[in-house]
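>>> quick one, what's the 3D model for this:
(one chain, ligands or ions: 2)
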Amino acid sequence: MDLFSTEKQHFKLPNAELIYIPNFFNTQESDNYLKSIKAETDWQHDNITVFGKTYKQPRLTALFGDTDQPYSYSNITMYPQPFTSTLQSIKDKVEDFSEEKFNTLLINLYRDGNDSNGWHADNEKELGINPVIASVSFGEARPFHFKHRTIKQERHKLILEHASLLLMKGEMQHYWLHQIAKTKKEIQPRINLTFRKLIKL
Ligand SMILES: O=C(O)CCC(=O)C(=O)O
Ligand SMILES: [Fe+2]
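Ligands and ions are numbered 1, 2, ... in the order given. Now for the predicted structure:
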């Protein structure tokens, strides 16, 4: 099922709340953000270990934070860099809209259709119970697939367009998995920023 339309969308799903805002930023500023974040970020290309085998992660990443608290997922530990003024101004706008405070930002760079992000939930302990995650997209539109862990007919996709904001809320990270799949299409790079709030455990 395709839930997408061009209007601001508020989806009330079983065990999740999703809010999608196309054109949260204007096109011109988003074009500039895409270029400057891509060029100015010190990208990492980490190894991940899945079922005992080690691979290069199929995308580049970077972590930014207000604190020096590291963030660990899939056997990777990332150490934050301080927010740049560009990233801080994006964060301010996302915080104003969402009425949430974030202290950590994970950025993904999907260089082309071979880059992806496999099925997972953002359910690390340091995100707390029912985290709000704010996800900003610049560049090539990519489908965001999400599926309920136990209600098998609950499988959806949302196209995350250039300049958009997606808020994931409620119990989403407990009951749902999400992914960005590979594609054979010739596509341009995409940058995704996920703002998170890490708590001290
Ligand atoms: O690229 C996206 O839209 C999703 C990124 C994501 O799920 C993550 O970094 O945890
Ligand atoms: Fe995620």
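>>> residue contacts, N123?
By CB atoms under 8 Å, 6 or more residues apart in numbering, N123 lies in contact with Q173, H174. All C-beta spots, glycine's among them, are computed from the backbone N, C-alpha and C.
>>> now do the same end-to-end measure for stretch 110-118.
Using CA to CA, to the nearest Å, the end-to-end distance of stretch 110-118 comes to 12 Å.
>>> tell me the secondary structure for S89?
Of the three states, S89 takes helix under DSSP: H, G, I helix; E, B strand; the rest coil.
>>> run through this structure and note the low-pLDDT ranges.
Low-confidence segments of the chain, defined by pLDDT under 70: 1-6.
>>> what parts of it come near ligand 1?
When proximity is defined as CB under 6 Å from any ligand atom, the chain approaches ligand 1 at L106, N108, N117, D122, S135, F144, L160, H178, I180, N192, T194.
>>> just say helix, strand or coil for whichever residue of the chain sits closest to ligand 1.
Residue of the chain nearest ligand 1, by CB to the nearest ligand atom: N192 (3.3 Å). Secondary structure, three-state DSSP: N192 is strand.
>>> give me the beta-bridge partners of it?
N108, S137 (DSSP bridges).
>>> name all residues that make contact with it.
I107, N108, Y110, S135, V136, S137, F138, L160, I180.
>>> show me what contacts the nearest residue to R59 once chain neighbours are set aside?
Setting aside the residues directly before and after it, R59 is nearest to D115 in space (CB to CB, 6 or more residues apart in numbering), at 4.3 Å. Going by CB under 8 Å, 6+ apart, D115 touches P58, R59, L109, K182.
>>> just those: which are in strands?
With DSSP state E as the criterion, strands contain L109 from among those.
>>> reformat the contacts of D115 as JSON lines; add distance to D66 and neighbour count.
Below are the contacts of D115 laid out as JSON lines (distance: CB to CB, whole Å; neighbours: other CB atoms under 10 Å):
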{"residue": "P58", "distance to D66": "28", "neighbour count": "16"}
{"residue": "R59", "distance to D66": "24", "neighbour count": "20"}
{"residue": "L109", "distance to D66": "22", "neighbour count": "20"}
{"residue": "K182", "distance to D66": "33", "neighbour count": "15"}
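>>> of all the contacts of D115, which two lie farthest apart?
Across these, the longest distance by CB to CB is 14.8 Å; it joins L109 and K182.
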